[in-house]
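A.B. asks: after the sequence you'll find the predicted model.
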Amino acid sequence: MYSDLKLYIDGQWLDGKGRKREDVINPATGKVLAQLPHASKADLDAALAAADKGLKVWKAMSAYDRSNIMRKAAGLVRERHDHIAKVMTQEQGKPYPESRGEVMTTADIIDWYAEEGRRAYGRIVPGRAKGVRQIVTREPVGVVAAFTPWNFPTLTPVRKIAGALAGGCSIIIKASEETPGGCVELVKCFADAGVPAGVVNLVFGVPSEVSEHLIASDTVKKVSFTGSIPVGKLLAGLAAKGMKRSTMELGGHSPVVVFGDADAEKAADTIAAFKYRNAGQVCISPTRFYVQEDSYKKFVNRFTEYAKGITLGDGLEKGTTMGPLANPRRLDAMESIVQDSKSRGGKVVTGGSRHGNQGYFFQPTVITDLPDDSKLMTVEPFGPVAPIVPFKTFDEVVERANSLEYGLAAYAFTSSSATAIAIGDAIQSGMVGVNSVAISTPETPFGGIKESGYGSEGGIEGLEAYTNVKFISQA
Ligand code: NAD
């Protein structure tokens, strides 16, 4: 029922024989699901050589033919969605309906890039002299090295794989060792759809060893990473040494501003559901809630009601609305956040502790009365803990929302169109949802500013990230 975990290099599936291996754990039970093979240095070199060869083959194909293969892969993802979703729930913990939604969006992203790759237009710029043709065109960046985390086992890898393929690039992806099955199943879809050998390669190993080896190679021309800010800075530094292009999708600490003129209860329902999705382990998860004084009580009550109504359990069980945290590090982090909050005068309105005696479950938690410089208000929680605090004026809340070095996502609720425009403009963030949480779609750019990183995935910007601009002046 789980995935047959292998490496995929140069069109071959390679198992654990003769290779180092590591256990993959089901976070709902703490039990071992399977063993994952690690790529040796020789495997990584084979992947680099394969990607170099694959680049030449893929680049030479027409955008039309590439698009057809990609659309076939999207079809296979849809056909196999039930199995892929079950694999994902077992290794990552999220409830099956969430996994299923992720897999369907994964297919949509492939389709979007398959189409958009056919529209990688250039332009002709009028020349200054007669008979001069000035052509602006786009070329594939080259071989891509990509690194993805454990919270979205297919969605994050597909943004990189499909973006690279649409741009005419080949890719070596190191997906998460903690949730490898989703990406193994995804790569199977690309392989079975007819992506030529060497174009997509999948490896696993000790993250720092794999990234150092791949990024240092002259073969790699672009680095794409999703994960924490400290690791992002490290990898951006490695990429800079070789002057390689990079996309960094890093952490966030997303403010939510609820103005007094908004429907506080409707806003609470919408944003609480979004908060506890994937047990809060989402980079764009709403994580700091500022509510205008008059609506504060109403919002806290409704939000807390929602949190109390969540059913914790194994994601494969019917009726589960929140699964376990993905690994024990998140449990420790939640305990430390709650402890710090209490010591800073915070009031735990609901939750606050672990749940059950197996797996990595933590209760949906709401904390009020926290000072702005407490740990929870300043460090990305990446878990099911929500701090809610009051504010008085527009200028004050903008200053508080913009006070951190994060700049990934932000949300606001208001019934005034003037306030909607003003807050959209004032918030320092790569993405802002005003009366909406739909800030991540295949068609729109996804990415952060400040320490949350640079570059976009999704939208036409996501394709540009995998192409170089070339100017040809022809006389
Ligand atoms: P971490 O910083 O150890 O790892 C984050 C991710 O980077 C993991 O997938 C890991 O395998 C990978 N990684 C670590 N070192 C690497 C290296 N040298 N080269 C390549 N990849 C490397 O932290 P963690 O405990 O796994 O996660 C905790 C924090 O990470 C969270 O609090 C959150 O801030 C951040 N995170 C962000 C996202 C996101 O979607 N932006 C996803 C997962 C985790």
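C.D. replies: Here it is on my side, so go on.
A.B. asks: tell me where the stretch 301-450 of the chain has helices.
C.D. replies: 328-343, 375-378, 394-401, 417-426 (DSSP state H, counting those that start in this stretch).
A.B. asks: looking at the stretch 301-450 of the chain, which residue is nearest the ligand?
C.D. replies: Per CB to the nearest ligand atom, Phe382 is where the stretch 301-450 of the chain lies closest to the ligand, at 3.6 Å. C-beta coordinates here come from the backbone N, C-alpha and C atoms, glycine included.
A.B. asks: hang on, the earlier thing: tell me which of the helices of the stretch 301-450 of the chain sits nearest to Val32.
C.D. replies: helix 328-343 (14.3 Å; CB to CB).
A.B. asks: what's the distance between that closest one and the middle of its chain?
C.D. replies: 23 Å (CA atoms, centre = their mean, to the nearest Å).
A.B. asks: grab the CA positions of that helix and hand them over as CSV.
C.D. replies: C-alpha atoms of helix 328-343 as CSV (Å, rounded to 0.1, in the frame of the first residue of the first chain):
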residue,chain,number,x,y,z
PRO,A,328,9.1,14.9,16.4
ARG,A,329,11.0,18.1,15.8
ARG,A,330,7.7,19.9,15.3
LEU,A,331,6.3,18.5,18.6
ASP,A,332,9.3,19.8,20.5
ALA,A,333,9.0,23.1,18.8
MET,A,334,5.3,23.4,19.7
GLU,A,335,6.0,22.5,23.4
SER,A,336,8.7,25.1,23.5
ILE,A,337,6.5,27.8,21.9
VAL,A,338,3.6,27.1,24.4
GLN,A,339,6.0,27.2,27.3
ASP,A,340,7.5,30.5,26.2
SER,A,341,4.0,31.9,25.6
LYS,A,342,2.9,31.0,29.2
SER,A,343,6.1,32.6,30.6
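A.B. asks: give me the helices and strands touching that helix, please.
C.D. replies: Applying 3 or more CB pairs under 8 Å, 6 or more residues apart in numbering; DSSP states H and E, we find helix 328-343 packed against strand 347-350, strand 365-368, helix 375-378, strand 385-391.
A.B. asks: tell me what angle it forms with strand 385-391.
C.D. replies: Interaxial angle, helix 328-343 versus strand 385-391 (axes from the mean of the first three to the mean of the last three CA atoms, to 10 degrees): 30 degrees.
A.B. asks: so which residues on this protein come close to the ligand?
C.D. replies: For the chain, the contact set with the ligand under CB under 6 Å from any ligand atom comprises 147, 149-151, 176, 207-208, 211, 226-228, 230-231, 234-235, 249-251, 283, 329, 380, 382.
A.B. asks: circling back: separation between the residue lying closest to the residue of the stretch 301-450 of the chain closest to the ligand once chain neighbours are set aside and Val437?
C.D. replies: Spatial nearest neighbour of Phe382, excluding adjacent residues (CB to CB, 6 or more residues apart in numbering): Gln281 at 5.5 Å. Taking CB to CB, to the nearest Å as the measure, Gln281 falls 16 Å from Val437.
A.B. asks: between the two, which is the more surrounded one?
C.D. replies: Each of Gln281 and Val437 has its neighbours counted (other CB atoms under 10 Å); Gln281 has more, 23 against 17.
A.B. asks: for stretch 19-32, measure first residue to last.
C.D. replies: Using CA to CA, to the nearest Å, one end of stretch 19-32 lies 18 Å from the other.
A.B. asks: go through it and flag the buried ones.
C.D. replies: Using 16 or more other CB atoms under 10 Å as the burial criterion, the residues of stretch 19-32 that qualify are Arg19, Glu22, Val24, Ile25, Asn26, Pro27, Ala28.
A.B. asks: same check on stretch 186-195?
C.D. replies: Result for stretch 186-195 [16+ other CB under 10 Å]: buried residues Leu186, Val187, Lys188, Cys189, Phe190, Ala191, Ala193, Val195.
A.B. asks: Ala475 versus the residue in the chain sticking out farthest from the centre, what's the distance?
C.D. replies: In terms of distance from the mean C-alpha position of the chain, Lys130 ranks first, at 49.3 Å (CA atoms, centre = their mean). Distance, Lys130 to Ala475, by CB to CB: 10 Å.
A.B. asks: same deal with Ile25?
C.D. replies: For Ile25, the distance to Ala475 equals 64 Å [CB to CB].
A.B. asks: for Ile388, same thing?
C.D. replies: 65 Å.
A.B. asks: just the element for the most centrally placed residue in the chain, please.
C.D. replies: Most central in the chain under CA atoms, centre = their mean is Thr156, positioned 4.6 Å from the mean C-alpha point. The secondary structure element spanning Thr156 is helix 155-166 (assigned by DSSP states H and E).
A.B. asks: can you name the next helix or strand after that helix?
C.D. replies: Toward the C-terminus from helix 155-166 - assigned by DSSP H and E - lies strand 170-174.
A.B. asks: what's the average pLDDT for that following strand?
C.D. replies: Regarding strand 170-174, the rounded mean pLDDT is 99.
A.B. asks: what angle sits between that strand and helix 155-166?
C.D. replies: 160 degrees.
A.B. asks: neighbouring contacts of strand 170-174?
C.D. replies: For strand 170-174, the external contacting residues (CB atoms under 8 Å, 6 or more residues apart in numbering) are 44, 47-48, 51-52, 54-55, 58, 143-148, 157, 160-161, 164-165, 183, 187, 198-205, 207, 210-211, 214, 220.
A.B. asks: go on, stretch 124-139?
C.D. replies: Residues from elsewhere that reach stretch 124-139 (CB under 8 Å, 6+ apart): 120-123, 167-168, 464, 467-475.
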